[in-house]
Structure formats: structure tokens, C-alpha cells
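**Student:** return a 3D structure for these sequence lines:
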Amino acid sequence: MERDPAATSAWAAYLVYPGLKAIRWQRRTHRLYLSGHTFLARAISQWVRHRTGIEIHPGATIGEGLFIDHGMGVVIGETTIIGNDVTIYQGVTLGGTGKERGKRHPTIEDCVVIGVGATVLGDITIGRGSKVGGGAVVVNNVPANCTVVGVPGRVVVREGSRVDVIDLHHEDLPDPVVEMLRCIQHRIDRVEVRLSRDEEAARAAETQEPTSTPEET
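**Tutor:** Okay, here's the model as predicted:
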């Protein structure tokens, strides 16, 4: 109710929201998974996937207060660890990078926000209070209270401002690629201005040169 203005009532959120349904079922399948009933846990998780569009492996460890907004296309791998008060938007993948064994999925610490379509791969850690921008691909550790955007993901804000757990303004996230293009364009403009001045100076020098007389020839 706090993190989604579209939630009109607690009953509607409880009964209708696919993210809440997927999380409730995952907690049940997680208990089955830990007790050794892995096949049954996987079978139920696949049924939930077809019902909600959200695939959460029964082996994933999920803290309190996880909010999956809309949720269609969200994939959370087996060894993923998610802390408390995390917000995940639709299309997010918390996956592995290959066929390695053991811990091969991300650790998401408390109060992290992961934007639409972002991909976090491998046994890496997203630090507490960080934001992952929409469409970012993160393959390296992210310190606490940072903002990551781009492909591959790059930290563009670190400890620069307070991170709001509830709100993620996707449209306000800086784009390092756009910033680099702006920098290049600025340098090109400066070069063009300098070349224009040099050309004008050269033309002025040509007009000021004395012309040769027949006697001198």
C-alpha cells in the first residue's frame, strides 16, 4: 500500500496483486525445498509461474517487505538472497552467468530498488539502499547507496544523496552514454569554432599580402 499508489485497498492488493501471490507461494515452496521435497517445490513454483508470470526458484532466500510491482517476466534464481524492503519492477532478472555450482546468483541487500527490465547476473552483491536503473545489466558488485545505470552497469551516484526506499524516479536517472555523447559534441563544437577562426585569419592574411608588380617580376 505504501509503495504502489494504484493499490486502492489492502484486500485488493492481497487478492489481486500477482507479486504478493508469487511471494506467498514462494515462502511455502521454500519450506518444502529445505525439507527435501525439491521436486514438489519446483512443480508448484512452475504452476505459480504460469498463474502470475513470475518465476521464483524455491531455493531463493527472501526477506521481509519484498514488493514486486506488476511482476510479469520477473525471474529470481535458486541461490539468490534478497534482504528486507526491496522493490523489484517488472521484467527483472536475478540470474547466474553460467553452469557454475554453489552460490551463483546475486545477493540483494536491504532497501534496494531494481528498475524495469534490469538484469543482475552472477554471485555479486547490490549494496544496501542502492538503485539499479531500468534496463541496466549489472555484473559487478555495487557499494551501498549507489545508483547504477547502463550496459554494462556503471555507478553514477555514490553517497551523493539520500536514497528513498519507496520511490524510484526512472526518468531522473542519469545516462552515462548520453553524458559522454554530450561531452564529445561539446568538444567537436569547440574544434569547429577554432577551425572557423583559423580559416578567417588565413583569408585575412591573404588579402593583406602585397601584390607583385611587373618591374619586380
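
**Student:** next one: the spatially closest residue to Tyr17 that is not a sequence neighbour from Phe39, what distance?
**Tutor:** Of all residues not flanking Tyr17 in the chain, Ala7 sits nearest, at 7.4 Å (Cβ to Cβ, 6 or more residues apart in numbering). Just so you know, the C-beta spots here come from the backbone N, C-alpha and C atoms, and that holds for glycine as well. Distance of Ala7 to Phe39, computed by Cβ to Cβ, to the nearest Å: 35 Å.

**Student:** what about those two, which has more around it?
**Tutor:** Ala7 (14 against 10; other Cβ atoms under 10 Å).

**Student:** name the SS class of that one, please.
**Tutor:** coil (DSSP: H, G, I helix; E, B strand; the rest coil).

**Student:** quick one, what contacts it?
**Tutor:** Taking Cβ atoms under 8 Å, 6 or more residues apart in numbering as the criterion, Ala7 is in contact with Met1, Ala13, Tyr17.

**Student:** ok, those residues vs Ile184, which is closest?
**Tutor:** Tyr17 (44.6 Å; Cβ to Cβ).

**Student:** what's the burial count for that closest one?
**Tutor:** Using other Cβ under 10 Å: Tyr17 sits among 20 other residues.

**Student:** go on, the one 4 residues further on?
**Tutor:** Other residues within reach of Lys21, judged by other Cβ under 10 Å, total 18.

**Student:** in the helix or strand harbouring it, which residues are buried?
**Tutor:** Secondary structure assignment for Lys21, by DSSP states H and E: helix 18-34. For helix 18-34, the neighbour count (16 or more other Cβ atoms under 10 Å) marks Pro18, Gly19, Leu20, Lys21, Ala22, Ile23, Trp25, Gln26, Thr29, His30, Leu32, Tyr33 as buried.

**Student:** how about CSV for the residues you listed, with distance to Thr107 added?
**Tutor:** Shown next, in CSV, are the buried residues of helix 18-34 (distance: Cβ to Cβ, whole Å):
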residue, distance to Thr107
Pro18, 24
Gly19, 20
Leu20, 23
Lys21, 25
Ala22, 20
Ile23, 18
Trp25, 22
Gln26, 17
Thr29, 20
His30, 16
Leu32, 23
Tyr33, 18
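
**Student:** which of those lies closest to Gly83?
**Tutor:** Taking the buried residues of helix 18-34 together and measuring to Gly83 by Cβ to Cβ, the closest member is Ile23, at 13.9 Å.

**Student:** so the closest one touches Gly71, yeah?
**Tutor:** No - using Cβ atoms under 8 Å as the test, Ile23 is too far from Gly71 to be in contact (9.4 Å).

**Student:** before we move on, back to that, ramachandran coordinates for the residue nearest to Tyr17?
**Tutor:** phi -80, psi 110 (degrees, to the nearest 10).

**Student:** quick one, domains of the protein?
**Tutor:** Using automatic domain parsing, the domain parsing of the chain gives 10-172, 175-217.

**Student:** give me whichever of those is most buried.
**Tutor:** Greatest average neighbour count among the domains of the chain goes to domain 10-172 (a mean of 18), per mean count of other Cβ atoms under 10 Å.

**Student:** for it, what is the average pLDDT?
**Tutor:** What domain 10-172 shows for mean pLDDT is 86.

**Student:** chain center to stretch 13-28: distance?
**Tutor:** 23 Å (Cα atoms, centre = their mean, to the nearest Å).

**Student:** send me it as PDB with only the CA atoms.
**Tutor:** Output of stretch 13-28 as PDB, limited to C-alpha atoms (Å, rounded to 0.1, in the frame of the first residue of the first chain):
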ATOM      1  CA  ALA A  13      -3.700  -5.900  -3.000                       C
ATOM      2  CA  TYR A  14      -3.900  -9.200  -1.100                       C
ATOM      3  CA  LEU A  15      -6.200 -10.900  -3.600                       C
ATOM      4  CA  VAL A  16      -5.300  -9.500  -6.900                       C
ATOM      5  CA  TYR A  17      -1.600  -8.500  -7.000                       C
ATOM      6  CA  PRO A  18       0.400 -11.200  -8.700                       C
ATOM      7  CA  GLY A  19       3.600 -10.200  -6.900                       C
ATOM      8  CA  LEU A  20       2.100 -10.900  -3.500                       C
ATOM      9  CA  LYS A  21       0.700 -14.200  -4.700                       C
ATOM     10  CA  ALA A  22       4.100 -15.300  -6.000                       C
ATOM     11  CA  ILE A  23       5.900 -14.300  -2.800                       C
ATOM     12  CA  ARG A  24       3.300 -16.100  -0.600                       C
ATOM     13  CA  TRP A  25       3.700 -19.300  -2.700                       C
ATOM     14  CA  GLN A  26       7.500 -19.000  -2.700                       C
ATOM     15  CA  ARG A  27       7.600 -19.000   1.100                       C
ATOM     16  CA  ARG A  28       5.700 -22.200   1.100                       C
END
